[in-house]
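[1] Based on what follows, work out the 3D shape:
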Amino acid sequence: QVQVVESGGGLVQPGGSLRLSCVASGSIFMLYAMGWYRQAPGKQRELVARIISSGYIDYADSVKGRFTISRDNAKNTVYLQMDSLKPEDTAVYYCDADLLASSTYSRANYWGQGAQVSVSS
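    Predicted coordinates:
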């Protein structure tokens, strides 16, 4: 069994900061990449930031210079530091873990339950 659990999120004023954390645990043989996606009401889920095992990082253009993704490989944990938040950043943020499960030896994406981020004055 693999679990992906997010924490953080909440309500913040425009220009404020929040930090999201995500831990992948359980029967993990290899963790290839972890990332953050978000889905606003009435919109499709979109990539926010992703980091792969080599250290390569990819950001959505809309968050470049404001959000920072980092990873603790020893803890199978990924963080998303969000600064200079805007109302348009309001969404449910989902963590994704691209991994090889040791119980099945199959590669798949595992998702967290989502964390609400609301930016409003």
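
[2] From here on, just use CA atoms for contacts and neighbour counts.
    Fine.

[3] show me where this protein has strands.
    2-8, 10-12, 18-26, 28-39, 46-52, 57-59, 67-72, 77-82, 91-101, 106-111, 115-119 (DSSP state E).

[4] Not counting its neighbours along the chain, what's nearest Asp98?
    Nearest non-adjacent residue to Asp98, counting by CA to CA, 6 or more residues apart in numbering: Asn109, 4.5 Å away.

[5] So which of the strands of the chain is the most surrounded?
    Among those, strand 91-101 has the highest mean neighbour count (mean count of other CA atoms under 10 Å), at a mean of 23.

[6] So in terms of bridging, what pairs with the residue nearest the centre of the chain?
    For the chain, the residue sitting closest to the mean C-alpha position, by CA atoms, centre = their mean, is Trp36 at 2.5 Å. Following DSSP bridges, Trp36 is listed with bridge partners Ala49, Cys95.

[7] So it versus Ser102, what's the distance?
    Note on Trp36: its distance to Ser102, by CA to CA, to the nearest Å, is 23 Å.
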